[in-house]
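Peer 1: how would this look folded up:
(chains A and B)
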Protein chains: 2
Amino acid sequence: MKRTERVGAIVKILSNHPNRTYSLNYFCQLFQAAKSTVSEDVSAAKKLLAQLELGSIETSAGAKGGIRFIPTVSSAREEFLLNELSEKLSDGSRILGGGFLYTSDLMFDSHIMSHAAELFAEKFQDRGADYVVTIETKGIPVAFMTAHMLNLPLVVVRRESRISEGSTVSINYFSGSTDRIQKLSLAKRAVQPGKKAIIIDDFMRAGGSIKGIIDVLSEFDVKVVGTGVVIAAVEPVKKVIDDYYPLLYLGRVDEQKKSIEIIRT
Amino acid sequence: MKRTERVGAIVKILSNHPNRTYSLNYFCQLFQAAKSTVSEDVSAAKKLLAQLELGSIETSAGAKGGIRFIPTVSSAREEFLLNELSEKLSDGSRILGGGFLYTSDLMFDSHIMSHAAELFAEKFQDRGADYVVTIETKGIPVAFMTAHMLNLPLVVVRRESRISEGSTVSINYFSGSTDRIQKLSLAKRAVQPGKKAIIIDDFMRAGGSIKGIIDVLSEFDVKVVGTGVVIAAVEPVKKVIDDYYPLLYLGRVDEQKKSIEIIRT
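Peer 2: Coordinates of the predicted model:
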């Protein structure tokens, strides 16, 4: 294989599995090439990704060392992605009765959720998390893509405990959106004590469900080291959690005028 | 930029968004290069992907033409992926009471579900589908990744209708696994009449839920053109649907011996 082909292959393989470390040897064997040759290929791959702001390649030394692809988002790209999301969200035809918005099409859109996940991955890359945690249902795609980009397992908190989850720990919490007590449960097998987690969800109003996730994780001695939500409502201003990172804020929804106010953070 | 860099960038950008068509012009502008140069770059990218069996690039002519990346799976890779999944599934510690298996860790694992989705995408690439449809919860990751690879929207059928879905169509179906009538519902905004869908789910016993999805889609005049499940149980032998493609079959689960029989299709 020629250099051009080897570099293309390195880019493809590394970026297929972000944050997974590959040994230099893996590529030496794949290409039947010397270590010095592959090192130069990696440098070329690193350079081209940097030049086009498509991510970075990190090299680590030592026995467990190797190379891995780290997704990064340039500020121009962040601007573009947030504008795209903001524009799609502010479409007045999303307004349902009672000021609710229909967002399933966006939350289940693989392009848009990959983009949102890129932003979360960049934000939470260095928190040392062991898991990405979400609650069913609409947060699963974005949390799954964030887990993919950070090379972490995804853990899904359920609203009902199911037989296929084995034994679970359940808690009750007050949900402001539905104005009642809700239950959530987590399988005992899902997490190990003493670990760290990032919470990713689609939408947050007062933060009741996220507080619920934090509480159930604390039952497992799992500490939350970051929380990201695609959309946070401006109201209520007083949230039940302090530390969260929303991509966008949802302001006033006017059913008469069919207008939706989206605020950039 | 040099050829090596341009080819690497083409591979990265195309494979980030499988089945999305990019015009040659897009790359001419990105690289500030002539069409003939970019054409040669694309040929080099095509050649390296083919050589390492990492997927293919298809070129289409005409005004709407361009280039797109199509995920493909070599038979050696298929063998590897199915062995990996089979091995993980047959771990006796997955056995829960009543012969149920704990599979959430696998169904929420981004590597394993990307691999399963590759196999589904390859299988259903040419069915002309407009949507990938699943039912909450555990099927969402694999269905989402399949949708990503086929560049299709994901539609999630819910078990309960929620206020944030707007008006919905609901049906009841008989679930063999739970031995009772279950409900499922689909938002009216989620699909357009006359379209085609692929159903992707994590697990199928008799096929009741999948039959339910087919039925609710038929209420919207949406035709199912393929069904893929990660695991299908051998029992009952008589299923309520005929046409499905399982990655693996689940045979006898022996609680005493802690053994799980996984059968390759």
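Peer 1: buried residues, the longest helix anywhere in chain A. List them.
Peer 2: If you go by DSSP state H, chain A has its longest helix at helix A:35-51. Across helix A:35-51, burial judged by 16 or more other CB atoms under 10 Å in any protein chain shown covers A:Val38, A:Ser39, A:Asp41, A:Val42, A:Ala44, A:Ala45, A:Lys46, A:Lys47, A:Leu48, A:Leu49. Just so you know, the C-beta spots here come from the backbone N, C-alpha and C atoms, and that holds for glycine as well.
Peer 1: could you do stretch A:191-209 as well?
Peer 2: For stretch A:191-209, using 16+ other CB under 10 Å, the buried residues are A:191, A:195-209.
Peer 1: for stretch A:20-34, same thing?
Peer 2: A:Thr21, A:Tyr22, A:Leu24, A:Phe27, A:Cys28, A:Leu30, A:Phe31, A:Ala33.
Peer 1: looking at those residues, spot the one nearest chain B.
Peer 2: A:Leu30 (7.4 Å; CB to the nearest CB).
Peer 1: hang on, the earlier thing: filter the buried residues of helix A:35-51 by proximity to chain B?
Peer 2: Contacts with chain B are made by A:Ala44, A:Ala45, A:Lys47, A:Leu48, A:Leu49 out of the buried residues of helix A:35-51, judged by CB under 8 Å from any CB of the partner chain.
Peer 1: redo those residues as TSV? Include pLDDT.
Peer 2: Formatted as TSV, those follow (pLDDT from 0 to 100):
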residue	pLDDT
A:Ala44	96
A:Ala45	97
A:Lys47	95
A:Leu48	94
A:Leu49	96
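Peer 1: TSV for those residues, including distance to A:Ala116?
Peer 2: TSV is the format used below for these (distance: CB to CB, whole Å):
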residue	distance to A:Ala116
A:Ala44	31
A:Ala45	26
A:Lys47	28
A:Leu48	25
A:Leu49	21
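Peer 1: near chain B, from the buried residues of stretch A:20-34?
Peer 2: A:Leu30.
Peer 1: the buried residues of stretch A:20-34 in helices, which ones?
Peer 2: The helices, defined by DSSP H, take in A:Leu24, A:Phe27, A:Cys28, A:Leu30, A:Phe31 from the buried residues of stretch A:20-34.
Peer 1: phi, psi for the spatially most central residue of chain A please.
Peer 2: Closest residue to the average C-alpha location of chain A: A:Thr146 at 2.7 Å, with CA atoms, centre = their mean. Main-chain dihedrals, A:Thr146, degrees, to the nearest 10: phi -60, psi -40.
Peer 1: A:Ile199 reaches A:Thr134, doesn't it?
Peer 2: Yes. Counting by CB atoms under 8 Å, A:Thr134 is a contact partner of A:Ile199 at 6.9 Å.
Peer 1: which parts of the stretch 151-265 of chain A sit against chain B?
Peer 2: A:151, A:153-156, A:158, A:163-166, A:187, A:189-190.
Peer 1: who touches stretch A:177-191?
Peer 2: Stretch A:177-191 is contacted from outside by A:131, A:135, A:155, A:157-161, A:165-175, A:197, A:205-206, A:208-209, A:212-213, A:216-217, A:219-220, A:222, B:102, B:104-105, using CB atoms under 8 Å, 6 or more residues apart in numbering or on different chains.
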